[in-house]
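Enquirer: got a predicted structure here, sequence first:
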Amino acid sequence: MTFGEGMMEKNILILRKPIVIAGARTSSIILSLEGSSYFNFNAAVYGIFEGDFKSVVKELGLSAAPARSEVGVGKHQRPVAGQNTLCPKTIGLTPLAEKGKFLLGCGWCNGGRGERW
């Protein structure tokens, strides 16, 4: 499904088989050119997962984002190796207030001038 237009466009992809990472799962992926609408989470492509976020943090090798990070992807993140060092592609995760749910995605720069990929 696609909603909106231009930079306000949001696409939702319903998966035939869920994505499972360290036992956590999601059945849909969201693409939003303006980033997510969640506080403290800035991924352009992400899923709302159910499961233990701490297991996923460990499995993906994420670490806590710097407290003063203005352009980080999430509360836990990891730059993808081998990319531009000024503005590397980044994986990010942010737990939600609802127990057992978290956001996991990628697509925002975590440094440099805040440019998007």
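Expert: Okay, I see it.

Enquirer: so how far is Glu5 from Ile48?
Expert: 23 Å (CB to CB, to the nearest Å). Heads up, the C-betas are built off the backbone N, CA and C, glycines and all.

Enquirer: quickly list what the residue positioned nearest the centre of the chain is bridged to.
Expert: Centroid-nearest residue in the chain: Gly105, 2.2 Å away (criterion: CA atoms, centre = their mean). Per DSSP bridges, the residues bridged to Gly105 are Tyr46, Gly92.

Enquirer: that one contacts Tyr46, doesn't it?
Expert: Yes - counting by CB atoms under 8 Å, Tyr46 is a contact partner of Gly105 at 2.5 Å.

Enquirer: now the helices for this structure?
Expert: In the chain, the segments counted as helices under DSSP state H are 53-60.

Enquirer: so in it, which strand runs the longest?
Expert: strand 10-21 (DSSP state E).

Enquirer: sounds good, over and out.
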